[in-house]
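Asker: Provide a 3D model corresponding to the input given below.
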Amino acid sequence: MTKKTKVNAAILIIGNEILSGRTQDTNTSTLASWLNSIGVKVCEVRVVPDEEKIIIDTLNLLRKNHNYVFTTGGIGPTHDDITAQSVSKAFNRKYEIHKEAYRILEAYYKPGEFNEGRQKMVWMPENAELILNPTSGAPGFSIENVFCLPGVPSILKSMLGGLKNKIVGGEPILSLTISLRTVESEIANSLTQVQEQNKDVEIGSYPFFHAGKLGVSIVIRSENQSKINECNLQILKFVDEKKIEVVER
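Answerer: Modelled structure (predicted):
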């Protein structure tokens with residue numbers, strides 16, 4: 001892939017605890033922000049339960065339709081952590097002990113602590129490449145364009161640095177935010193006109209409530225800074241004409 005190639009990704013969040021609301025998903029924003037910074041646009045996010053068939057079917061669909069797929073969750077030591085086994089079946093690969101992962105964890109734990117439950121974390125698809133874990137020892141893994149990461153946010157975040165050389169991105173996606181003291185209905189038509197004149201720029205509006213007052217943040221996103229600047233000027237022009245206050249957030 002060249003630097004001008006459009007590169008996209010999907011995120012697959014695996015875990016009953018996310019769907020039940022017991023655990024709040026912060027991994028999507030962490031992954032999406034990191035991927036945007038290296039020129040990979042996240043086009044789709046799915047959340048699925050710890051059910052083998054659903055994981056396999058969803059993963060096979062996503063990996064065919066995107067350059068990269070990132071899964072989070074389900075690679076720990078408990079009985080419901082079935083991501084690695086499901087990924088093995090999705091790729092029709094043998095599910096086996098990864099010798100390097102075994103050596104890493106055997107050295108990580110004190111003698112006698114590397115029990116049967118923890119040994120479950122070294123079972124992976126055949127010929128998987130490891131994603132090293134500087135926080136808690138247990139590695140993630142990748143196969144072809146699929147990267148499997150843990151669900152614990154702090155651990156996932158610490159592992160992203162080790163992926164940089166494995167991901168080929170396009171141009172980094174730049175953004176600019178303009179925050180206004182207004183409501184969406186007041187600017188909707190004007191914003192639509194700017195969007196129609198700049199179809200290759202992504203423009204979004206997001207209401208916020210800050211310091212007891214309503215407002216709207218307009219986010220302009222593009223790989224090209226000059227296009228962002230041009231949209232910014234067009235937006236500020238109608239903001240000035242409507243006498244809308246620009247605010248700091």
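Asker: contacts, neighbours, all on C-alpha from now
Answerer: Will do.
Asker: assign the residue sitting nearest the centre point of the chain to helix, strand or coil.
Answerer: For the chain, the residue whose C-alpha lies nearest the mean C-alpha position (C-alpha atoms, centre = their mean) is Leu31; its distance is 3.1 Å. Three-state assignment for Leu31 (DSSP: H, G, I helix; E, B strand; the rest coil): helix.
Asker: any idea how far it is from Phe147?
Answerer: Between Leu31 and Phe147 the distance, using C-alpha to C-alpha, to the nearest Å, works out to 12 Å.
Asker: what does Leu163 show for phi and psi?
Answerer: Leu163 has phi and psi values of phi -100, psi -10 when expressed as degrees, to the nearest 10.
Asker: next, count neighbours for it.
Answerer: Burial measure for Leu163: 12 neighbouring residues, criterion other C-alpha atoms under 10 Å.
Asker: same check, this time on Lys89
Answerer: For Lys89, the number of neighbouring residues by other C-alpha under 10 Å comes to 17.
Asker: ranges for the strands of this structure?
Answerer: Per DSSP state E, the chain has strands spanning 8-14, 41-48, 68-72, 95-97, 123-125, 129-131, 140-143, 146-149, 174-181, 202-210, 213-222, 245-247. These are given in chain order.
Asker: what's the closest of those strands to Asp81?
Answerer: Nearest to Asp81, of all the strands of the chain, is strand 8-14, at 9.3 Å by C-alpha to C-alpha.
Asker: what's next to that closest one, contact-wise?
Answerer: If you take C-alpha atoms under 8 Å, 6 or more residues apart in numbering as the criterion, strand 8-14 is touched by 28, 40-50, 55, 59, 62, 66-74, 83.
Asker: run through who's touching the longest helix seen in the chain.
Answerer: Secondary structure of the chain read by DSSP state H shows that its longest helix is helix 225-241. The list of residues contacting helix 225-241 from outside it, by C-alpha under 8 Å, 6+ apart, reads 174-176, 190-191, 194, 198, 201, 220-222, 245.
Asker: how about 10 Å then?
Answerer: Outside of helix 225-241, the residues within contact range by C-alpha atoms under 10 Å, 6 or more residues apart in numbering are 173-178, 180, 182, 187, 190-191, 193-195, 197-198, 200-203, 218-222, 242-246.
Asker: go on, stretch 43-63?
Answerer: Contact partners of stretch 43-63, identified using C-alpha under 10 Å, 6+ apart, comprise 7-20, 25, 28, 32, 66, 68-74, 80-83, 85-91, 144-146.
Asker: stretch 97-117 too?
Answerer: When contacts are defined by C-alpha under 10 Å, 6+ apart, stretch 97-117 is touched by residues 76-79, 118-133, 136-141.
Asker: tell me the mean pLDDT over that stretch?
Answerer: Model confidence over stretch 97-117 averages 93 on the pLDDT scale.
Asker: if we can go back for a sec, give the ChimeraX command for selecting the buried subset of the contacts of helix 225-241.
Answerer: Burial among the contacts of helix 225-241 is assessed by 16 or more other C-alpha atoms under 10 Å; the matching ChimeraX selection reads:
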select :173,175,176,178,180,182,187,191,194,195,201,203,218,219,220,221,222,246
